[in-house]
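>>> Model the structure of this input:
(one chain, ligands or ions: 1)
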Amino acid sequence: MSNKQPLAGGTVPNEVGSATRLSRPSLSTTPDARIQQLIHEINRHGYAIIPNAFSPSIVAEAKAEVARLTADPEMVGPAGEKGRNTFEGYKTQRLYALANKSRVFDGFALHGDVLALNDYFLDPGYLINSFQSINILPGESAQTLHYDHGYVTMERPHKPVGTGVMIALDDYTANNGATVIVPDSHLWDSRRVPSAEETIPVIMPAGSMLFFLSTLWHGGGANTSDESRLALTAQYCQPWIRPMENQILAVDWEKLDEIPERLVDMFGYKVGNPFLGFVDGGSPRAAVGRLLKKYKVIAEAKL
Ligand SMILES: O=C(O)CCC(=O)C(=O)O
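Down below sits the predicted model:
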C-alpha cells in the first residue's frame with residue numbers, strides 16, 4: 001500500500017475539532033445582529049465600546065468594594081497601595097486576584113456581551129487571563145504602550161490569543177487616565193510600534209466597557225486631573241496558553257463552591273477540548289475536591 005494515501009479516520013486536528021477552528025470561529029449558533037455589529041467593528045478596528053453595560057447601583061457597589069479591600073491589609077495585596085514599577089504605575093493601585101477577594105465582581109467577568117464576543121474570537125474553553133482593579137491616581141504618567149500578549153513569541157499579525165475588557169467604574173475623561181488605544185493596530189506587524197500621537201483616549205461614562213483584542217496597542221492614560229480613575233479589567237485567553245494570573249492558586253479552593261460554575265471553569269478547572277489541563281486523566285475540579293478532603297482528614301487527625 002502506498003504511504004501517500006490519506007489517513008483513515010483523519011488527522012488528530014480533524015478528530016479533536018481544532019481543524020475547524022483554524023481559519024474561522026467555532027460558533028455553533030449565529031450571534032444576534034447587535035453582537036454581529038460589534039464583531040464587525042472589532043475585526044475592523046480591534047476594539048468596541050459597549051456603553052452603560054452596568055447599572056449605576058452595580059458600579060457603586062463595586063467601587064465601595066474596591067475601597068473596602070484597598071483599606072484591608074489582609075486583602076490589599078502587593079500593588080494595592082501603589083505599583084512597584086512603571087508598568088504597574090507608581091501612582092496606580094491594583095488589586096489582583098479579585099475573584100478570591102469578593103463575590104461582588106463575578107458578574108463583571110461574565111457579562112453576556114463579553115461571553116458572546118469571546119465565543120467568536122476565542123476557542124471553546126477559553127480562560128481568565130487576569131482579573132484586577134486598576135485605580136489611576138492624580139499625577140500618574142502615561143503607561144508604556146503595549147498589547148496584552150506582547151509576551152507571546154509569534155510574529156504579528158496573527159489572530160488574537162486573548163481578549164480583554166476595561167470596565168469604567170468612574171467616568172473616563174480625556175485627562176483622568178482613561179485607557180488610550182491605537183485604533184486598527186491589531187493588524188500591525190511585529191516591527192511597528194505606535195507613538196503617543198497615534199493614541200486616542202477612550203471617553204465613556206461609568207458603567208461602560210471597552211472590549212479589545214489582545215493584539216491591540218493600548219495603555220493606561222496620564223492622569224492630569226485631580227480625581228482618580230477606577231476601572232476593572234478582565235482578560236481572557238485561549239485555552240491552550242498559560243494564563244498570566246494563576247487562578248488555580250489565586251482563588252482559595254474552599255471558595256470554589258460559592259463561585260458561578262462558568263467562572264470556575266474559566267479558572268482552568270474544566271478539562272479543555274480535547275484534553276487540556278487534566279489531572280490523572282480526570283477533572284481538576286474533582287482533584288481539588290479530593291485534596292481538600294485529604295487535608296481535612298489530616299488536620300482533624302492532628303487535633
Ligand atoms: O488601566 C488602563 O487603562 C490600562 C491598563 C493596562 O493596559 C494594563 O495594565 O495592562
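
>>> Which parts of the stretch 201-303 of the chain are helices?
For the stretch 201-303 of the chain, the helices defined by DSSP state H, counting those that start in this stretch cover 247-250, 261-264, 284-302.

>>> What residues does this structure have near the ligand?
134, 136, 143, 166, 179, 218-220, 231 (CB under 6 Å from any ligand atom). The way it works is simple: take the backbone N, C-alpha and C, and place the C-beta from them, glycine included.

>>> which residues are in contact with stretch 250-265?
For stretch 250-265, the external contacting residues (CB atoms under 8 Å, 6 or more residues apart in numbering) are 96-97, 99-100, 103, 106, 109-110, 115, 125, 128, 267, 269-270, 285, 288, 291-292.

>>> swap in stretch 94-108?
By CB under 8 Å, 6+ apart, stretch 94-108 touches 54, 58, 61-62, 65-66, 69-70, 75-80, 83, 88, 109, 128, 130-135, 167, 232, 234, 245, 247, 250-252, 255, 258-260, 263, 267.

>>> I'd like to know which of those are buried.
For the contacts of stretch 94-108, a burial check counting by 16 or more other CB atoms under 10 Å picks out 54, 62, 65-66, 69-70, 76-77, 79-80, 83, 88, 109, 128, 130-135, 167, 232, 234, 245, 247, 250-251, 259, 263, 267.

>>> sorry, back to before: tabulate the helices of the stretch 201-303 of the chain (CSV), appending distance to D32 and mean pLDDT.
Formatted as CSV, the helices of the stretch 201-303 of the chain follow (distance: least, CB to CB, whole Å; pLDDT from 0 to 100):
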stretch, distance to D32, mean pLDDT
helix 247-250, 30, 97
helix 261-264, 20, 98
helix 284-302, 32, 93
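
>>> Turn the ones you listed into CSV, columns for distance to I50.
What follows is these, written out as CSV (distance: least, CB to CB, whole Å):
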stretch, distance to I50
helix 247-250, 24
helix 261-264, 19
helix 284-302, 31
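
>>> And the closest residue to S214 other than its chain neighbours, how close does it get to S141?
Leaving aside its sequence neighbours, S214 sits nearest to G162 (CB to CB, 6 or more residues apart in numbering; 3.5 Å). Distance of G162 to S141, given as CB to CB, to the nearest Å: 26 Å.

>>> Tell me which of those two has more neighbours.
Neighbours were counted for G162 and for S141 using other CB atoms under 10 Å; G162 has more, 26 against 17.

>>> thought that one was touching G150?
No - in terms of CB atoms under 8 Å, G162 does not count as a neighbour of G150; the distance is 11.1 Å.

>>> ok now do whichever residue of the stretch 201-303 of the chain sits closest to the ligand, which residues does it touch?
The nearest approach of the stretch 201-303 of the chain to the ligand comes at G220, 3.4 Å away (CB to the nearest ligand atom). Residues in contact with G220, defined by CB under 8 Å, 6+ apart, are 89, 92, 134, 136, 140, 142-143, 177, 179-180.

>>> Quick check on these: which are buried?
Buried members of the contacts of G220, scored by 16+ other CB under 10 Å, are 89, 92, 134, 136, 140, 142-143, 177, 179-180.

>>> Which residues does the residue of the stretch 1-150 of the chain at minimum distance from the ligand form beta bridges with?
Proximity of the stretch 1-150 of the chain to the ligand (CB to the nearest ligand atom) peaks at I134, 4.1 Å away. Counting by DSSP bridges, I134 is bridged to R94, A231.
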